[in-house]
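*Asks:* Predicted coordinates and the sequence they were generated for:
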Amino acid sequence: MIRTLKEAFKIKELRRAILWTLALLFIYRVGCWIPCPGLNLAEFAEISSSGFMNLLSSITGGALSKGAILALGVSPYISASIIIQLLSIAIPSWERLAREGGDEGRKRIAFYTKIAALVLALVQAISIVVAYKDILNTKMFGFEVHPAVVGTMVTTILVAGSMFTYWLGEKITSFGISNGVSLLIFVGILSSAGSAILQNLVSIFQGDLNQIGTLVLFLVALVLVFGFIVFIDLAERKVPVSYAKQIKGRKMYGGQNTHIPVRINATGVMPIIFATSILAFPQLLMSMFWPTSTFYGWYSRYMGTGTIPYLVVAAILILFFSYFWATVQFNPDDISRNIQQNGGFIPGIRPGKPTSQYLKKVSNRITLFGAIFLTIIFIVPSLIFASIGSGESLINAFSTTGLLIVVSVAIELDKQLEANMMMRNYRGFLK
């Protein structure tokens, strides 16, 4: 990765794109530190320093716990994109638009996603203002301001900050390298992780020497988990495909062998996001609106994050959503049809329906291993980190979802840089 960056800086276009990316990421990080007027930052930081608010804050690089203007980050856009993708499957007209609409269809889907992101950002901002209306700072510039005016101002700033964050992601995609939204999440997670490690180092320098062994064990476990994630993330099953020779006019086409790569973890982090979102939503809702209720105490004790029932239900949901998301991304019928139309075949398998059935069987088997991997990586690292006694800040900063996102974005960034260098430097083909 470091060698790839060094080589990329030697190319003028890539150097400009990298500098654009760094500049826009810097603007995003600055926005994560600018406080939102109207919030009592001390009380808001204390409330959001534990539970789900702390977990959500780790994705934004601590912007939520700081009460910053970019506190919502890109989470409304991510939720909106997931909803729109699911609706594209459920609504036939949207499915045709996504598959057959071409560039115009993709623009329409992107427009629907932006509208949904705006609505979700508005809902989240209003929820925060309503849930924490008691800590709104109504005294501004020496004057007492009506709470409704302050609430409206805070809601407007949070929604504008969320849409500005999405705009930054789009600009990174257009002028920089890799996917902008993914890089914003990547930087936010790394920032939270760095802050958590820094807190432990500060504790060590202040005389808490017991933290040295804990931090070393945690980093060793983290490296092993990272290595395991990278190993599985790059693993794939190559289904061989052969193309028959065809003579058209005076030219001969085909006659080559290739393969269809079927990744073990083709679904990525999406099944974990779906599962944790479904399980987290009731607890998040109750913690914001009914924090003192008896049912909330019972739910947190027996169904809260880290409990045995929570892990069992999460594992079942991850298995289910792994197969669901695999069927969304991998369509054996379309792949079989494309292979047959181009004169190709899988050795030992007849073209047409037998090829589709074979691809479906391979996909189901690979998806099973991918689902088991996601279940293991969701449960085991959390138990290991908790048994080490690394503290809630480190566990939240290095959550399973965060680890998978960091690995996926880093690998994708490296591939994007290598692909761009390959387009601008052809000497590698001659060696």
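*Replies:* Good, I have the coordinates.
*Asks:* Please put the alpha-carbon coordinates of the helix or strand containing Thr327 into PDB.
*Replies:* Assigned by DSSP states H and E, Thr327 falls within helix 308-329. The C-alpha coordinates for helix 308-329 follow below in PDB (Å, rounded to 0.1, in the frame of the first residue of the first chain):
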ATOM      1  CA  ILE A 308     -26.300 -14.100  25.000                       C
ATOM      2  CA  PRO A 309     -29.800 -13.700  23.600                       C
ATOM      3  CA  TYR A 310     -28.600 -10.600  21.600                       C
ATOM      4  CA  LEU A 311     -25.700 -12.600  20.100                       C
ATOM      5  CA  VAL A 312     -27.900 -15.600  19.200                       C
ATOM      6  CA  VAL A 313     -30.500 -13.500  17.500                       C
ATOM      7  CA  ALA A 314     -27.800 -11.400  15.700                       C
ATOM      8  CA  ALA A 315     -26.200 -14.600  14.400                       C
ATOM      9  CA  ILE A 316     -29.500 -15.900  13.000                       C
ATOM     10  CA  LEU A 317     -30.200 -12.500  11.400                       C
ATOM     11  CA  ILE A 318     -26.700 -12.400   9.900                       C
ATOM     12  CA  LEU A 319     -27.200 -15.800   8.300                       C
ATOM     13  CA  PHE A 320     -30.500 -14.800   6.900                       C
ATOM     14  CA  PHE A 321     -29.400 -11.400   5.500                       C
ATOM     15  CA  SER A 322     -26.200 -13.000   4.000                       C
ATOM     16  CA  TYR A 323     -28.400 -15.200   1.800                       C
ATOM     17  CA  PHE A 324     -30.800 -12.300   1.100                       C
ATOM     18  CA  TRP A 325     -28.000  -9.900   0.000                       C
ATOM     19  CA  ALA A 326     -26.300 -12.600  -2.000                       C
ATOM     20  CA  THR A 327     -29.400 -13.100  -4.100                       C
ATOM     21  CA  VAL A 328     -29.600  -9.400  -4.600                       C
ATOM     22  CA  GLN A 329     -26.100  -9.100  -5.900                       C
END
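*Asks:* from the middle of its chain, how far away would it be?
*Replies:* 16 Å (CA atoms, centre = their mean, to the nearest Å).
*Asks:* What helices and strands are in contact with it?
*Replies:* Counting contacts by 3 or more CB pairs under 8 Å, 6 or more residues apart in numbering; DSSP states H and E, helix 308-329 is packed against helix 270-289, helix 353-388. Using the backbone N, CA and C atoms, a C-beta is placed for each residue, glycine as well.
*Asks:* possible to save the ones you listed as JSON lines with mean pLDDT, mean neighbour count and distance to Asp414?
*Replies:* Output for the helices and strands packed on helix 308-329, formatted as JSON lines (pLDDT from 0 to 100; neighbours: other CB atoms under 10 Å; distance: least, CB to CB, whole Å):
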{"stretch": "helix 270-289", "mean pLDDT": "74", "mean neighbour count": "18", "distance to Asp414": "21"}
{"stretch": "helix 353-388", "mean pLDDT": "82", "mean neighbour count": "18", "distance to Asp414": "21"}
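*Asks:* Pipe those helices into JSON lines and attach distance to Val123 per row.
*Replies:* Formatted as JSON lines, those follow (distance: least, CB to CB, whole Å):
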{"stretch": "helix 270-289", "distance to Val123": "12"}
{"stretch": "helix 353-388", "distance to Val123": "27"}
